[in-house]
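Peer 1: Next come a sequence and a model predicted from it.
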Amino acid sequence: MNITPADRLNTVQEYYFSRKLKEVAEMNAAGKNVISLGIGSPDMPPSPETIEALSLSAHRSDAHGYQTHIGIPELRNAFAGWYKRWYGVTLDPKTEIQPLIGSKEGILHISLAFLNPGDGVLVPNPGYPTYTSVSKMVGATIHTYDLDENNNWQPDFEALEKKDLSNVKLMWINYPNMPTGANGSLELFEKIVAFGKKHNIVIAHDNPYSLILNEKPLSIMQIEGAKDICIELNSMSKSHNMPGWRIGLVVSNRQFIGWILKVLSNIESGILKPIQLATVAALGNTDEWHRKYNIELYASRRRYAEAIMDELGCTYDKNQVGMFLWGKIPGHCKGSEELADNILYNANVFLTPGFIFGDKGERYIRISLCCNEEMLSEALNRIKKFNI
C-alpha cells in the first residue's frame, strides 16, 4: 500500500516541546531527575472557589451534556465583567465575546476564518511558533517581521511600510511579548491599530500574559476604533492557574466573532458546563489572590531565574513582565540550542533555546518561572557545578 499524509504535514514539524519533553521523560525514567524550566505551565492550583464550583457542578446529573457553542450566559457576562475590571473595556457579552477551548486553539480558528490559501500573514520573529505552524497548515503565505532588542522588541513600522503588503490579510502581535517579556503600551497599540486600518489588515493580538508581573494590564481594545479591525485572544491558563482546563476567549466586533463561530462550531462541541461555571468563579478572584499568585509569587521566583542568567553570563532586561525570563547568551556560545542541550545533559536542567522562536531568537535562552523556589535554587546549584 502507498498511503501518504496530507501535504500540509510537510510544512510543519512536531512541536519542539512535544519532542523535547519526551526526551526529558526518558531521562527521568533513567533516574536523571531533570528540573524543567521550559514551558509556561503554572504549577500552583486555581483558587479554592474555582475548584469548589467545578466540584459542585460536576456532581449534577444534568451538567455533562453537550453545551451551546457560544457558552452559557453566565460565562459570557463574567468575561465581559473581567474585561471591564482589568482593562476598562466594555464588551457586549452576547455578540463580542466567544469562549474557546484554549486560546492556542483560537489561533487555528482565526486563521481558518480569515485566511485563504496564498493570503499573506505577518508573523513576528522571534514569536510564538504556533503563529507560523498554523499559518503554514492553512496554506497562507508567511511574511515575517523582525523584532529587535534595541527597539524594545516592537515592530519596526518603517520597515513594515517598505514591505509588499498587497496580499497581507492578517497580522499577529503579542504584548506582553512572548518570548521576550517586552511589555506593550497604549502608544504601541495606537500605532498597530493605525497600521491595520491603513492597510486593511486584521490585527490579531494574543494577550495571555497581561496580568503576570504586570501592574498595569493592557488590552489593544482600549484603543479607540480597535474593535473595527482587531481581534484579541485571552486565556485563563496563565492568569488563573488553569492551563490544563483549556479555557480562553476571543473578543472582537460582532462580524468577526460571527465568522470565527462558523469555524469553531464545525470543529468543537462546546465547553463542559462545570468548567464554564468554575471559570465564572475564577474570574471573580479577589485582588489579593491576583497579587499573591500573579505578582508576588513570580517576583520571588524571578530572582532565582536572574541568578541563573548571571551564572551563565547572559544579559537580560530587568523590566520584563510575564512568566519567563529572556536572556542573551554570551558571545563565546555557538548558539542557543547547543547551550540548552549542554545544560540539559550535564546539569539535568531544561531551559528553552531561543532558536525555536525564529532566527532572531538564536542568541537567546528562556527560563520559565513555573517552578517552585526550592527547585529553582537546586537548578542554580546544578548549573554552578556544571560551569566549574
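Peer 2: Yes, it's here.

Peer 1: Please make it C-alpha for all contacts and neighbour counts, starting now.
Peer 2: Will do.

Peer 1: Nearest residue to Q154 in space, please, no chain neighbours.
Peer 2: Leaving aside its chain neighbours, Q154 sits nearest to L147 (5.6 Å; criterion: Cα to Cα, 6 or more residues apart in numbering).

Peer 1: Run a quick neighbour tally on the one you found.
Peer 2: Using other Cα atoms under 10 Å, L147 has 19 neighbouring residues.

Peer 1: Hmm, W153 and it touching each other?
Peer 2: Yes - when contacts are counted by Cα atoms under 8 Å, L147 is listed as touching W153 (4.6 Å).

Peer 1: picking that back up, how close does the residue nearest to Q154 sit to V202?
Peer 2: 19 Å (Cα to Cα, to the nearest Å).

Peer 1: What of A25?
Peer 2: Using Cα to Cα, A25 is found at 40 Å from V202.

Peer 1: the more surrounded of the two?
Peer 2: It is V202, of A25 and V202, that has more neighbours when counted by other Cα under 10 Å, with 22 against 14.

Peer 1: Show me the strands in the stretch 101-250 of the chain, by range?
Peer 2: All strands of the stretch 101-250 of the chain, identified by DSSP state E, counting those that start in this stretch, fall at 120-125, 141-146, 168-173, 202-206, 230-235, 248-251.

Peer 1: For the fourth one, give me every contacting residue.
Peer 2: Yep, that's strand 202-206 we're talking about. 169-175, 192-193, 196, 220, 229-234 (Cα atoms under 8 Å, 6 or more residues apart in numbering).

Peer 1: and what of the shortest one?
Peer 2: Counting by Cα under 8 Å, 6+ apart, the neighbours of strand 248-251 from elsewhere in the structure are 96-103, 106, 231-237, 257.

Peer 1: Just checking: what are the partner strands of it?
Peer 2: Strand pairing for strand 248-251, determined by DSSP bridges: strand 97-100 (antiparallel), strand 230-235 (antiparallel).

Peer 1: could those be laid out in TSV, adding mean neighbour count and distance to S368?
Peer 2: As requested, the strands paired with strand 248-251 are exported to TSV (neighbours: other Cα atoms under 10 Å; distance: least, Cα to Cα, whole Å):
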stretch	mean neighbour count	distance to S368
strand 97-100	26	25
strand 230-235	24	18
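
Peer 1: Could you dump the ones you listed into JSON lines with distance to N381 and mean pLDDT added?
Peer 2: Listed next are the strands paired with strand 248-251 as JSON lines, based on distance: least, Cα to Cα, whole Å; pLDDT from 0 to 100:
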{"stretch": "strand 97-100", "distance to N381": "41", "mean pLDDT": "98"}
{"stretch": "strand 230-235", "distance to N381": "34", "mean pLDDT": "98"}
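
Peer 1: so which of those gets nearest E288?
Peer 2: Among those, strand 230-235 comes nearest to E288, with 19.8 Å by Cα to Cα.

Peer 1: Helix or strand with the lowest mean pLDDT in this protein?
Peer 2: Lowest by mean pLDDT, DSSP states H and E among the helices and strands of the chain is helix 16-29, with a mean of 88.

Peer 1: Which helix or strand lies directly C-terminal to that helix?
Peer 2: As assigned by DSSP states H and E, the chain's next helix or strand after helix 16-29 is strand 35-37.

Peer 1: for that following strand, packing partners?
Peer 2: If contacts are counted by 3 or more Cα pairs under 8 Å, 6 or more residues apart in numbering; DSSP states H and E, strand 35-37 sits against strand 349-353.

Peer 1: Paired strands for the strand it packs on, with orientation please.
Peer 2: Here, using DSSP bridges, strand 349-353 pairs with strand 35-37 (parallel), strand 364-368 (antiparallel).

Peer 1: Let me know which of the ones you listed is the nearest to T130.
Peer 2: T130 lies closest to strand 364-368 among the strands paired with strand 349-353, at 17.1 Å (Cα to Cα).

Peer 1: in the stretch 101-250 of the chain, which spans are helices?
Peer 2: Counting by DSSP state H, counting those that start in this stretch, the stretch 101-250 of the chain has helices at residues 103-114, 129-137, 157-161, 186-199, 226-229.

Peer 1: Any chance you could list what contacts the last one?
Peer 2: Counting by Cα under 8 Å, 6+ apart, helix 226-229 makes contact with 193, 196-197, 200-203, 220-221, 252-253, all of which sit outside it.

Peer 1: got the CA positions of that helix in PDB?
Peer 2: What follows is helix 226-229, C-alpha atoms only, in PDB (Å, rounded to 0.1, in the frame of the first residue of the first chain):
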ATOM      1  CA  ALA A 226      -9.600  49.000  17.700                       C
ATOM      2  CA  LYS A 227     -12.700  46.800  17.700                       C
ATOM      3  CA  ASP A 228     -13.200  47.600  14.000                       C
ATOM      4  CA  ILE A 229     -10.000  45.900  12.900                       C
END
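
Peer 1: I'd like the average pLDDT over that helix.
Peer 2: Helix 226-229 carries an average pLDDT of 98.
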